[in-house]
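1. Fold the following.
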Amino acid sequence: MQSISINNDRESFSGSAQEVMDIMQAPKSAPQKGDIIEYIYHPKQGTSMRFNSTELVSNYPKNVFNMLLRTRISPIPPSTTFKHQLLGLVSADEAKNLLSSVEPTNRRIALAASWVAEPVKVEPIAEPIVAEAVVKPAPEVVATAGALALISAVEKTEVEVQAAAEAAEQAKEEELVLNVAETLTQRHYAPLVVGQIYKSLTYPSRAIDNNQQGTVRIGLAVHRSGELLSVTATQKSDYRLLNQAALKAVKKLLHSQPCPTV
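-> Just a heads-up that it's a prediction; the model follows:
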């Protein structure tokens, strides 16, 4: 969400914040290795999103797809290499090989399908069934076809209930708490911090003399009060001078004055 907000203008982001969050929250489980997520634009059908071949979002405006695309090919992409691959500037053989070898498991395919499936209507049975923690067979039980079917149904129901409970617990742990107001606040806050940092950047003279260029991405942890908690280089350039200059600029600025507070 931060990358989307930084790489799109305020008007576009504010107008489509809810649609973007819908797409982010459509999967009820965090992606796992093997999952395939597709963002698709069709001139007549608009923007859609598929998770392991199950369509979770459809008929959204074209601008939503453009926002996702700009996030990847903008001046500040999450990955410069991936941006160049999308634009055809470098070979994407590794990405193509990965895509051809990835295949979601049957369990993950069924899970995605269950997110949009209509709930199954369960007919009430004539007599209530009390599920005990430990079930002991009664002596001299006469097994009939109906009794066996009932036992099978109960066992199946217990398995399904347990699976649903596990899925709900996982979703609860992985849930991203997002809302429009918070997202828009982040959208307005990030440019303030970035603007402060750019004012303190100084291109190293030795790097200029040697024609050294590159992209350095910095990750910041900021307290609610504006105090800088940590600074790390999440993406380094090929040149030590540029990496050091970027980190130095951020630390110098934000140690001398706190970040803006919201």
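2. so for stretch 3-11, what's the average pLDDT?
-> Stretch 3-11 shows an average pLDDT of 82 in the prediction.
3. buried stuff in stretch 203-217?
-> Judged by neighbour count (16 or more other Cβ atoms under 10 Å), stretch 203-217 contains these buried residues: 204, 207, 212, 215-217. (Glycine included, C-beta is placed from N, CA and C.)
4. Quick one: distance of it to the chain centre.
-> For stretch 203-217, the gap between its own C-alpha mean and the chain's C-alpha mean amounts to 33 Å (Cα atoms, centre = their mean, to the nearest Å).
5. Output the below-cut-off pLDDT ranges for the stretch 151-262 of the chain.
-> In the predicted model, the stretch 151-262 of the chain carries pLDDT under 70 at residues 151-181, 183-184, 186-187, 254-262.
6. which residues in it form helices?
-> Along the stretch 151-262 of the chain, counting by DSSP state H, counting those that start in this stretch, helices occupy 180-200, 205-209, 240-256.
7. The longest one - contacts with which helices or strands?
-> Packed against helix 180-200, as judged by 3 or more Cβ pairs under 8 Å, 6 or more residues apart in numbering; DSSP states H and E, are the following elements: helix 2-6, helix 10-25, strand 217-222, helix 240-256.
8. Who are the packing partners of the first one?
-> In other words, helix 2-6. Right, helix 2-6 is packed against helix 10-25, helix 62-73, helix 180-200 by 3+ Cβ pairs under 8 Å, 6+ apart.
9. redo that, cut-off 7 Å
-> helix 62-73, helix 180-200 (3 or more Cβ pairs under 7 Å, 6 or more residues apart in numbering; DSSP states H and E).
10. Most tightly packed of those helices?
-> Compared across the helices and strands packed on helix 2-6, helix 62-73 shows the largest average neighbour count, a mean of 18 (mean count of other Cβ atoms under 10 Å).
11. Output the contacting helices and strands for that one.
-> Using 3+ Cβ pairs under 7 Å, 6+ apart: helix 62-73 touches helix 2-6, helix 10-25, strand 37-42, strand 46-51, helix 80-86.
12. pLDDT averaged over the last one, what's the number?
-> Right, the one you point to is helix 80-86. Summarised as a single mean, pLDDT over helix 80-86 is 87.
13. Centre of the chain to that helix, how far?
-> Worked out by Cα atoms, centre = their mean, helix 80-86 lies 19 Å from the chain centre.
14. Run through who's touching the helix or strand just after it.
-> Next along the chain after helix 80-86, taking DSSP states H and E as the criterion, comes helix 93-101. Contact partners of helix 93-101, identified using Cβ atoms under 7 Å, 6 or more residues apart in numbering, comprise Gln85.
15. quick check, distance from the next helix or strand after helix 93-101 to the centre of its chain.
-> Next helix or strand after helix 93-101 toward the C-terminus (DSSP H and E): helix 106-114. Its chain's C-alpha centre and that of helix 106-114 lie 18 Å apart, by Cα atoms, centre = their mean.
16. I'd guessed Gly46 sits against Asn66; true?
-> No - the pair formed by Gly46 and Asn66 falls short of the contact definition of Cβ atoms under 7 Å, at 11.3 Å.
17. Figure out which of the helices of the stretch 151-262 of the chain is closest to Tyr41.
-> Taking Cβ to Cβ, helix 180-200 is the member of the helices of the stretch 151-262 of the chain nearest to Tyr41, at 22.0 Å.
18. and the direction of the closest one versus that of helix 10-25, what angle?
-> Helix 180-200 runs at 120 degrees relative to helix 10-25, counting by axes from the mean of the first three to the mean of the last three Cα atoms, to 10 degrees.
19. Contacts for helix 180-200, please.
-> When contacts are defined by Cβ under 7 Å, 6+ apart, helix 180-200 is touched by residues 1-2, 5-6, 10, 13-14, 17-18, 21, 249-250, 252-253, 259-260, 262.
20. which regions of the stretch 1-150 of the chain sit below the pLDDT cut-off?
-> Within the stretch 1-150 of the chain, the stretches with pLDDT under 70 are 117-150.
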